[in-house]
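S.K.: need a 3D model of the sequence below.
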Amino acid sequence: LYRWLILRISIGAGLIKFRGDGCWHDRTCLWYHFETQPIPSPTSYYYHNLPQWILSYGVDVDFAVQLYFIWLCILFDVPSSLIGSVEKRRSVTWWLVRIRDMIRYLRAFGGFVQIMFMINIASSGNLSFLNLLTAIPPFACIDDGVFCTFYSFLRKMRPSLLVLFFMNDTLEKRTTQ
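M.R.: Residues are numbered from 1 along each chain as shown. Below you'll find the model as predicted:
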């Protein structure tokens with residue numbers, strides 16, 4: 001239900017912009033949005049002073065996230081019963097497991113994109129509490145397996161990152177001596 005909720009919220013917001021004012025089609029809405037929004041934040045000044053080509057690109061990103069990437073959030077699961085029923089044929093089982101994992105990671109990517117998009121909007125100050133509340137449902141797209149994979153990746157990378165940090169620190173000490 002959470003994935004369906006984020007789909008409805010995102011598609012609704014995207015279609016309102018798409019069918020709304022012509023500045024969305026001209027890609028100029030963000031040129032004026034940050035100075036005219038109802039509740040600006042201290043960061044709104046910096047968003048408003050970004051180059052106009054970045055703000056126009058932001059409109060494209062807005063449409064991409066709200067109208068295209070959102071469909072990744074409702075990708076279906078391959079049922080475990082289907083995988084179990086074809087266990088006699090190993091090649092079919094292997095492909096089903098790979099497809100299931102690919103779908104799971106695509107759905108997690110869609111959820112992550114939605115979360116980061118909402119945090120970005122919240123940082124600009126426009127009703128940020130509402131955007132932070134809207135960032136909660138996409139967490140339903142990220143299952144425990146994805147978190148475990150990400151955590152194990154970080155555990156593997158952490159020693160190498162620490163070595164790079166300490167190597168950089170020792171290089172700085174050598175140059176200052």
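
S.K.: low-scoring pLDDT stretches of the chain, where are they?
M.R.: 78-94, 126-128, 154, 157-177 (pLDDT under 70).

S.K.: try 90 this time
M.R.: The chain contains residues with pLDDT under 90 at 1-50, 52, 55, 58-59, 62-63, 66-67, 69-112, 114-177.

S.K.: check it for its longest helix and report it.
M.R.: Assignment by DSSP state H gives helix 90-124 as the longest helix of the chain.

S.K.: what's the first helix or strand after it?
M.R.: helix 128-134 (DSSP states H and E).

S.K.: what residues does that following helix touch?
M.R.: Contacts with helix 128-134, where a contact means Cβ atoms under 8 Å, 6 or more residues apart in numbering, come from 6, 9, 39, 41, 118-119, 121-122. (C-beta placed from N, C-alpha, C; glycine too.)

S.K.: Ala64 is in contact with Gly14, correct?
M.R.: No - look at Gly14 against Ala64 with Cβ atoms under 8 Å: they stay out of range, at 9.3 Å.

S.K.: so the two - more neighbours on which side?
M.R.: Gly14 (19 against 14; other Cβ atoms under 10 Å).

S.K.: so the more buried one is in which element?
M.R.: Here Gly14 is assigned to helix 2-19, by DSSP H and E.

S.K.: please name the nearest non-neighbouring residue to the residue nearest in space to the middle of the chain.
M.R.: Nearest to the geometric centre of the chain sits Val113, at 1.2 Å (Cα atoms, centre = their mean). Once flanking residues are discounted, Val113 sits nearest to Phe69: 4.8 Å by Cβ to Cβ, 6 or more residues apart in numbering.

S.K.: what is the burial count for the one you found?
M.R.: Counted with other Cβ under 10 Å, Phe69 comes out at 19.

S.K.: one more: Ile115?
M.R.: Neighbour tally, Ile115, other Cβ under 10 Å: 19.

S.K.: now, which of the contacts of helix 128-134 sits nearest Asp26?
M.R.: Ile121 (20.5 Å; Cβ to Cβ).

S.K.: roughly how far does the closest residue to that closest one other than its chain neighbours sit from Ile16?
M.R.: Leaving aside its chain neighbours, Ile121 sits nearest to Asn131 (4.6 Å; criterion: Cβ to Cβ, 6+ apart). Using Cβ to Cβ, to the nearest Å, one gets 15 Å for the distance from Asn131 to Ile16.

S.K.: on that earlier part again, what sits against the residue nearest to Val113?
M.R.: Phe69 neighbours (Cβ under 8 Å, 6+ apart): 110, 113-114.
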